[in-house]
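1. no sequence for this one, just the structure:
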């Protein structure tokens, strides 16, 4: 059976068992319908877990196209490579994948903090030399911008 058929069966089963819960005449019927509803809901949860990574990766990589139209032809190949790597590492378990994510997140945090400090101190962001600091009337917050 194609995967689309399984998703439709899961959604239909969840909806029907939800309606049956409202029509239950006894506590025993209600318990049976709720158990069936839980089974169909769990299948939807697993289906969602399988489709979320490809959508997330594809959406993130399509952002490159916004930066430059040159990347349009590379969106699908980059996404395929990233998803292949993601699912290849997945077999090692969430602990090892999580540890590599910690390293990546700390590297990104260090880079972002360093670049921000450079912008504030070396480029004179707070002194008014290279940029302006002001209160935004629209957002009510502090904004940094070019002079």
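-> Received, thanks. As the structure is a prediction and not an experimental result, all values here were calculated from the model.

2. residues near residue 42, how many?
-> Neighbour count of residue 42, defined by other CB atoms under 10 Å: 12. For every residue, glycine as well, the C-beta is placed using N, CA and C.

3. dump the residue contacts of residue 33.
-> 17, 20, 21, 24 (CB atoms under 8 Å, 6 or more residues apart in numbering).

4. ignore the last one, residue 10
-> 40, 43, 44, 47.

5. can you rerun that using 6 Å?
-> 40, 43, 44 (CB atoms under 6 Å, 6 or more residues apart in numbering).

6. of those, buried ones?
-> Among the contacts of residue 10, those classed as buried by 16 or more other CB atoms under 10 Å are 40, 43.

7. among the contacts of residue 10, which lie within helices?
-> Among the contacts of residue 10, DSSP state H puts 40, 43, 44 in helices.

8. what separation is there between the second one and residue 111?
-> I take that to be residue 43. 41 Å (CB to CB, to the nearest Å).
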